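# I need the structure of the sequence given here:
(2 chains)
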2 protein chains.
Amino acid sequence: MPVDPKAAIVLLKELRALTADEHGAQRLAWSPTWLNARAWFQTKLAELPVEHHLDAAGNSWTTLKGKSEQALILGSHLDSVPNGGWLDGCLGVLAAYAVLRRIAEQYNGKPPITVRLVDWADEEGARFGRSLFGSSAFAGTHSIAQDRVRTDASGATLEAALAACGVNIDAIGNAAIERANAAAYLELHIEQGPVLERMGLPLAAVLGTKGVERHAITFHGQEAHSGSTPMNARHDALAAAAKLALEIRPIAMRHPDAVCTMGSVKTYPGIVTAVVGRCEATLDQRDLDADVLATMYREAQQKSQQFAEEEHCTVEWSRIWNIAPEPFHPQLIAFCEEAIAETAGHSHRMPSGPLHDAAEVSRAGIPTAMMFVQSLHGISHNKIEDTREDHLELAIAAFDKLASKTIEWIRTH
Amino acid sequence: MPVDPKAAIVLLKELRALTADEHGAQRLAWSPTWLNARAWFQTKLAELPVEHHLDAAGNSWTTLKGKSEQALILGSHLDSVPNGGWLDGCLGVLAAYAVLRRIAEQYNGKPPITVRLVDWADEEGARFGRSLFGSSAFAGTHSIAQDRVRTDASGATLEAALAACGVNIDAIGNAAIERANAAAYLELHIEQGPVLERMGLPLAAVLGTKGVERHAITFHGQEAHSGSTPMNARHDALAAAAKLALEIRPIAMRHPDAVCTMGSVKTYPGIVTAVVGRCEATLDQRDLDADVLATMYREAQQKSQQFAEEEHCTVEWSRIWNIAPEPFHPQLIAFCEEAIAETAGHSHRMPSGPLHDAAEVSRAGIPTAMMFVQSLHGISHNKIEDTREDHLELAIAAFDKLASKTIEWIRTH
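Sure thing, here's the model as predicted:
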């Protein structure tokens, strides 16, 4: 019996009806709605010959034991941002469910290798600002000291929110035991960008997740009266920031897939009658190639210094966060391309700008690949997030083929 | 007996001791500290043969009757912004007091024409956002309907604050009766900018107050994920605004005294991981020439449209406020230059970027001139606002000469 993409889409709509309101999906990690989504998913698993448990970080594991303990892991996350879409995360979980079900049926409950489904806890980090929570605990890249003191907008701590869901923050590293026998990890996700739609393609093989350099940049000038300060006597912090906002574009565009974004600009005193004395900006730079990322970071720093001098200002940089690029496994990428070509006729390779749990799994040394399906208008983290249903069907069918190729590879490896 | 600049400076320091705290001057209009400053000033007037009253808008008038009813008015304001300086406004009032005292003494209480001193009410508009309150009522350019509903940060209304000081908002237009017999108006003020300090000059004759075009400009793009949206697929509202922030500078610098300022930029959603979907900026444009002002406004609009198109955005303009330029009286400007040349050796002519009560008086058709004295570092509206004491003495001496020349002009006119 082949995989049933239409049934998976029915389940996605059922989950949407259960966990979205008029503003979108509300499956915020550690919330009652998220727990409700997980309980709903359990009712679907009950029909399969599987074992289920939560690990020490709250990740939800479903195991279909095979003849070999070597395991293929299929996964994604049920949690969403507030007012999120119906596909981000859930698509990967429900596609994995469809594949797991097909394998269980095909092999009469005993496939040649073990197949596991994981629903990672708190991929989004939307409430406490800590994304990839569960997968980083699995991978051993968790950060208990910083995470313990994280609070949400109401002042509640991450530690307390975890405890309310039965997770002891001091023990989350024990999730690493789930790495035993892991032979490969596969994840299907919506693209969350406009690339495939612009190319007219439904699916892509993901080359890896881009590394990120994220900085706060502050230009210091001199606040001055807008009426009494001649143009040539100004130390205009906004002018220096404006030059950098424009310069990061050629810095990015010298490389095929690189991106640089100034997402926030704040002006002080920020009133209509004063030259800007201080301007705070953020810069987010990403590329799959660590050397390209380092070059872009260095160029932006040099240009910011030049612009500060030109405008009689000074500039300070402060790192908000950074992460290295994580290239996926070449053989699994090749299988992903084959599966897409066999299903949709034409494949494409692209890096992922957004981070995904797959990056943490790959960082732990487990061969990993991801498949992207086209997002309409490139929009996600929004209730209008959507993908054509024929594309969703192609995606689940192709992901199923990728799983079969990977099982065969693990079996014979 | 000549004017006594040193005595005026002693009074300025006395007023500072009375009305400033460690953060600066606190003579916010309609506040107890402001009323206290005015009461203190009354004790100084008691020594002179003058009549005193408050007009219907709370302006404080002190009259030294002369042989003719034709009146020279000397004025400025005792109110300050919160955490203000020791000279803005007060210098003009205390210099006028020194000149009035000199004239009273010289003519034994009966000068050839009437000389009046006015302390305008609420020049700064710091609490309710309505600057030039008293002088606009005098000039007939007041705006009761808008002003009635103004509130301060605590929600108190301007109407109630006025009433607590004995001013009925519906009657403020009656201040116009003070225009009777007004033959000229003179005001001494600190420059509040860096021009004279950069030129090494103590004093300047003011050509008039610049007109102002003040607008809110909103660029609408498309919020998008900073990691998944290729550079060439973005509708980056910040990029369009950054181009305009830089372009307003050549637009201003094509004209000798024009200024254009982008004082506030706000980004939405304004997070490090999103391309800016909406960017709100302010633009403040000023020049003494109405045609130049109109040209700069038109050019900024055209460029904003061009930049919006280049960045696949749209742009909206909304006028915050505007005011026409107000050139001062040519003969009085010439007297001002003569008085400065006779006192300090070298004069300079310059427009005022900041607005002053003098602009309202001039708008009412009364021949008007202003004199500027150098500000250290061009800084005002701040406790570090300062002017060299030798420059203050030169300023009061030159202002006294300007008053004498103007009295003679009125007498023989």
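# Now do the nearest residue in space to A:V118 that is not next to it in sequence, the pLDDT please.
Distances taken as C-beta to C-beta, 6 or more residues apart in numbering or on different chains put A:G75 closest to A:V118, at 3.6 Å, once the chain neighbours are dropped. All C-beta atoms are positioned from the backbone trio N, CA, C, and that covers glycine. The per-residue pLDDT reported for A:G75 equals 98.
# And the lengthiest helix in chain A, what does it pack against?
If you go by DSSP state H, chain A has its longest helix at helix A:389-412. In terms of contacts (3 or more C-beta pairs under 8 Å, 6 or more residues apart in numbering or on different chains; DSSP states H and E), helix A:389-412 is packed against helix A:5-19, strand A:68-76, helix A:90-106, strand A:113-119, strand A:182-190, strand A:203-209, helix A:330-344, strand A:368-373.
# That helix vs strand A:203-209, what angle?
60 degrees (axes from the mean of the first three to the mean of the last three C-alpha atoms, to 10 degrees).
# Sort out which residues of helix A:389-412 are buried, please.
Buried positions in helix A:389-412, judged by neighbour count with 16 or more other C-beta atoms under 10 Å in any protein chain shown: A:391-407, A:409-411.
# now stretch A:368-387
Buried positions in stretch A:368-387, judged by neighbour count with 16+ other C-beta under 10 Å: A:368-376, A:378-383, A:385-387.
# What's the local residue count around A:S318?
A:S318 has 9 neighbours, counted by other C-beta atoms under 10 Å in any protein chain shown.
# wait, what's in contact with the residue lying farthest from the centre of chain A?
The C-alpha centroid of chain A is most remote from A:S228, which lies 49.6 Å away (C-alpha atoms, centre = their mean). Applying C-beta atoms under 8 Å, 6 or more residues apart in numbering or on different chains to A:S228 gives the contacts B:E191, B:Q192, B:G193, B:P194, B:V195, B:S352, B:G353, B:P354, B:G378.
# Give me the subset of the residues you listed that also touch chain A.
Near chain A, judged by C-beta under 8 Å from any C-beta of the partner chain, the entries from the contacts of A:S228 are B:E191, B:Q192, B:G193, B:P194, B:V195, B:S352, B:G353, B:P354, B:G378.
# follow-up on the earlier one: can you classify the residue farthest from the centre of chain A by secondary structure?
For A:S228, the assignment made with DSSP: H, G, I helix; E, B strand; the rest coil gives coil.
# Just list the residues touching A:T33, thanks.
So A:T33 contacts A:T19, A:Q26, A:R27 (C-beta under 8 Å, 6+ apart).
# just checking, A:P269 touches A:Q222?
No. Because the distance of 11.7 Å does not satisfy C-beta atoms under 8 Å, A:P269 is recorded as not touching A:Q222.
# For these two, list the residues in contact with both.
Shared contacts of A:P269 and A:Q222, defined by C-beta under 8 Å, 6+ apart, comprise A:G277.
# So for those two, which residue has more residues nearby?
A:Q222 (20 against 13).
# tell me the phi and psi of the more buried one?
phi -140, psi 110 (degrees, to the nearest 10).
# For it, which non-adjacent residue is spatially closest?
A:H235 (3.9 Å).
# number of nearby residues for that neighbour?
The burial count for A:H235: 21, using other C-beta under 10 Å.
# which ones are touching A:V50?
A:T62, A:T63, A:L64, A:L100, A:A104, A:L117.
# let's see it at 6 Å
Residues in contact with A:V50 (C-beta atoms under 6 Å, 6 or more residues apart in numbering or on different chains) are A:T62, A:T63, A:L64.
# Residues contacting stretch A:297-317 from elsewhere in the structure, which ones?
Contact with stretch A:297-317 is made by A:213, A:215, A:217-221, A:235-237, A:239-240, A:243-244, A:247-248, A:251, as judged by C-beta under 6 Å, 6+ apart.
# how near is A:G84 to chain B?
With the distance defined as C-beta to the nearest C-beta, to the nearest Å, A:G84 ends up 13 Å from chain B.
# And A:L203, by the same measure?
15 Å.
# Enumerate every residue touching the residue of the stretch 1-150 of chain A found nearest chain B.
Going by C-beta to the nearest C-beta, chain B is nearest to A:S131 of the stretch 1-150 of chain A, at 10.0 Å. Shown in contact with A:S131 (C-beta under 6 Å, 6+ apart): A:G125.
# From A:L196, how far out is the closest residue to A:M370 other than its chain neighbours?
Nearest residue to A:M370 in three dimensions, chain neighbours excluded: A:V206, at 3.9 Å (C-beta to C-beta, 6+ apart). A:V206 sits 11 Å away from A:L196, taking C-beta to C-beta, to the nearest Å as the criterion.
# And these two? Which one has more around it.
Neighbours were tallied for A:V206 and for A:L196 using other C-beta under 10 Å; the higher tally belongs to A:V206 (25 against 22).
# still on that earlier bit, tell me how many other residues crowd the residue nearest to A:V118.
28.
# Tell me how many other residues crowd the closest residue in space to A:S60 that isn't next to it in sequence.
Among residues not flanking A:S60 along the chain, A:D119 sits closest, at 4.1 Å (C-beta to C-beta, 6+ apart). Per other C-beta under 10 Å, the neighbour tally for A:D119 reads 27.
# same thing with the one 4 residues further on?
Counted with other C-beta under 10 Å, residues neighbouring A:E123 total 27.
# again, but for the one 3 residues further on
Counted with other C-beta under 10 Å, the neighbours of A:A126 add up to 21.
# State the number of residues packed around the residue lying closest to it once chain neighbours are set aside.
Distances taken as C-beta to C-beta, 6+ apart place A:V81 nearest to A:A126, at 4.3 Å, with adjacent residues excluded. A:V81: 22 surrounding residues under other C-beta under 10 Å.
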